[in-house]
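Participant: model this:
(one chain, ligands or ions: 2)
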Amino acid sequence: MKNGCIFCAIAAGEIPSFKVYEDDVVLAYLDINPFTEGHTLVIPKAHSEGLLDTPDETLAAVLARVRKVAAHLKSALPCDGFNILQNNGEAAGQTVKHLHFHIVPRYGTGPIAFESGKGDMERLKALADRVRMA
Ligand code: 5GP
Ligand code: ZN
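Facilitator: Ligands and ions are numbered 1, 2, ... in the order given. Predicted coordinates for the structure are as follows:
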């Protein structure tokens, strides 16, 4: 891991991930501790820590991909909506210091409360295959 950043290592393919989308700017993959089925992270391939140190152009490009991936998720999964979550700083719950947008598919109605669970690897793989094909 060249800069000690786990998401840079995932973007470089040094650490495996359940990829759902990739292009020259971003990588999107399933969160290993999902809040809900299909919980996906979208990261820029270029490292920045959070919202405030990311160049405008990168941010605009990443957000366009967030929308694209959310549309893929919505067509591949029986979700009714989705939340976009983006944490900045430890106080906000940011645990990985590489800009990332969470896309959290939502099923049915309920409060905006998030509780992660440990992902089942077989299930995550099948899910990533399904979303990638959508
Ligand atoms: P944060 O709390 O920083 O906004 O979110 C970090 C997210 O990254 C968490 O939801 C956590 O489950 C996820 N995560 C941490 N390490 C890995 C990893 O190695 N692979 C994947 N796919 N997700 C990770
Ligand atoms: Zn990084």
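
Participant: What residues of stretch 69-81 count as buried?
Facilitator: Buried positions in stretch 69-81, judged by neighbour count with 16 or more other CB atoms under 10 Å: 69-70, 72-74, 76-77, 79. Just so you know, the C-beta spots here come from the backbone N, C-alpha and C atoms, and that holds for glycine as well.

Participant: Now flag whichever of those residues is closest to ligand 1.
Facilitator: Proximity of the buried residues of stretch 69-81 to ligand 1 (CB to the nearest ligand atom) peaks at Val69, which lies at 14.0 Å.

Participant: ok, is whatever helix or strand that closest one lives in in contact with ligand 2 or not?
Facilitator: Per DSSP states H and E, Val69 falls inside helix 56-76. No: judged by CB under 5 Å from the ion, helix 56-76 stays clear of ligand 2, getting no closer than 12.7 Å.

Participant: can you tell me if that helix touches ligand 1.
Facilitator: No: applying CB under 6 Å from any ligand atom, one finds helix 56-76 separated from ligand 1 by no less than 13.8 Å.

Participant: Which other helices and strands does that helix contact?
Facilitator: Other helices and strands packing on helix 56-76, by 3 or more CB pairs under 8 Å, 6 or more residues apart in numbering; DSSP states H and E, are strand 19-22, strand 26-30, strand 40-44, strand 81-85, strand 101-106, helix 121-133.

Participant: any idea how far the most centrally placed residue in the chain lies from Val62?
Facilitator: Nearest to the geometric centre of the chain sits Leu41, at 0.5 Å (CA atoms, centre = their mean). Taking CB to CB, to the nearest Å as the measure, Leu41 falls 11 Å from Val62.
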